[in-house]
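Chemist: Just to be clear, the model below is a prediction. Sequence and coordinates:
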Amino acid sequence: METNNNQTKNNITEKELHPMSGMAMLFIIIIGILAGVALCIAGPVFFVDMTGVFVAAGILLIVVLCILMAGLKIVNPNEALVLTLFGKYYGTIKKDGFFFVNPFATGFNPTVAGTVDGLIAEISESAKKDGHKKGRTMSKKVSTKTMTLNNGQQKVNDVQGNPVVIGAIVIWHVSNPTKAVFNIENYFEYLSTQCDSTIRNTARLYPYDTIDQENDEMTLRGSSLEIAQNMKGELQEKVKGAGIEILEVRITHLAYAEEIAAAMLKRQQAAATIAAREKIVEGAVGMVRMALDKLEDDELVVLDDERKAAMVSNLLVVLCGDKDPQPVVNSGSIY
């Protein structure tokens with residue numbers, strides 16, 4: 001029985017309210033307050049024998065109308081107001097405007113500064129080091145605007161064990177204000193924590209880069225867009241219970257950690273040099289083969305195996321060398 005009650009608490013169904021206009025009620029309250037003041041003044045002047053009754057009625061009317069004023073709510077565009085009534089969920093106003101609701105219904109938002117929940121809820125240490133705001137607001141309304149989360153850079157190990165520094169931003173908004181305030185103690189902090197976890201988990205699945213250029217394996221450096229999409233899917237799955245929708249994830253920073261950056265740069269340079277040499281040698285061998293075939297086809301000169309070997313050696317030195325060749329004129333016979 002207790003388990004079923006817990007499940008019910010964690011699965012509150014959002015109920016959108018469509019309250020009456022606040023302007024009409026504000027007009028009634030103003031007229032009523034004026035009437036109450038008139039009763040307090042008219043009693044002693046026109047009804048001396050019933051002064052106490054008129055004054056008491058006027059004061060009572062003013063007090064009741066002042067209580068009703070607590071039911072006037074203003075909701076700005078791209079905001080929502082989640083209301084509770086004596087500790088129970090009352091409803092959510094998602095439409096912007098000026099409304100009147102039950103005056104005893106109060107806005108609920110655990111991220112509001114000054115509340116116990118709001119003081120507990122703060123953005124993680126990594127976010128605070130980068131100057132991000134704490135997960136607290138000054139209004140009990142829940143913003144549904146599109147927001148950006150940037151937790152800064154963090155050091156993780158890729159699938160090969162190399163330490164890399166990676167940073168990402170998350171573009172998001174609250175899609176279900178009711179879930180955001182009831183299911184999670186602080187949805188700002190919750191999203192920040194899940195974002196850090198998703199970045200670490202995803203970075204560990206891929207290498208930073210691959211030496212083999214013909215390898216189709218996904219890497220953090222070469223497949224950042226695809227990996228960002230994977231991050232988005234994983235992060236959305238984690239925060240769907242918090243009423244948050246992930247719009248986009250972008251990798252903003254990616255580099256080897258400082259302690260291995262120089263060594264990895266040398267490795268990349270060596271790999272590039274080897275790849276370039278392979279292309280040069282492959283092209284040189286093709287040119288030598290073409291030259292020998294052309295000489296034989298045109299019968300310009302007949303070379304034995306020894307002379308062919310010498311010619312191949314000389315051509316490869318010329319074609320593969322780093323320095324410009326120095327021409328040597330042979331004035332005698334080649335035999």
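Modeler: Nice, thanks for sending it over. Residues are numbered from 1 along each chain as shown.
Chemist: Tell me the secondary structure of the residue nearest to the spatial centre of the chain, please.
Modeler: When the chain is reduced to its mean C-alpha position, the nearest residue by C-alpha atoms, centre = their mean turns out to be Val170, at 1.1 Å. Taken by DSSP: H, G, I helix; E, B strand; the rest coil, the conformation at Val170 corresponds to strand.
Chemist: Stretch 167-176: which residues count as buried?
Modeler: Within stretch 167-176, the residues that count as buried by 16 or more other C-beta atoms under 10 Å are Gly167, Ala168, Ile169, Val170, Trp172, Val174, Asn176. Yep, even glycine has a C-beta here, placed from its N, CA and C like the rest.
Chemist: Any chance you could list what contacts that stretch?
Modeler: With C-beta atoms under 8 Å, 6 or more residues apart in numbering as the test, stretch 167-176 has contacts from 14, 80, 142-154, 180, 187, 191, 195, 199, 228, 231, 235, 243-254.
Chemist: Select from these every entry located in helices.
Modeler: Counting by DSSP state H, the contacts of stretch 167-176 place Ala180, Tyr187, Leu191, Cys195, Ile199, Ala228, Met231, Leu235 in helices.
Chemist: Got the phi and psi for the closest residue to the first one other than its chain neighbours?
Modeler: Leaving out its chain neighbours, the residue that sits closest to Ala180 by C-beta to C-beta, 6 or more residues apart in numbering is Gly243, at 4.0 Å. Note on Gly243: its backbone torsions stand at phi 70, psi 30 [degrees, to the nearest 10].
Chemist: gap between Gly243 and Asn176?
Modeler: 3 Å (C-beta to C-beta, to the nearest Å).
Chemist: any residues in contact with both of the two?
Modeler: Common contact partners of Gly243 and Asn176 (C-beta under 8 Å, 6+ apart): none.
Chemist: can you pull out the strands in the stretch 1-150 of the chain?
Modeler: In the stretch 1-150 of the chain, the strands defined using DSSP state E, counting those that start in this stretch lie at 20-21, 72-75, 79-85, 88-93, 97-100, 105-107, 142-143, 147-157.
Chemist: Export the third one to CSV, keeping only CA atoms.
Modeler: Provided in CSV are the C-alpha atoms of strand 79-85 (Å, rounded to 0.1, in the frame of the first residue of the first chain):
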residue,chain,number,x,y,z
GLU,A,79,6.1,31.4,-17.9
ALA,A,80,3.9,28.9,-15.9
LEU,A,81,2.6,29.0,-12.3
VAL,A,82,2.2,25.8,-10.4
LEU,A,83,-0.3,26.2,-7.6
THR,A,84,-0.9,24.1,-4.4
LEU,A,85,-3.8,24.3,-2.0
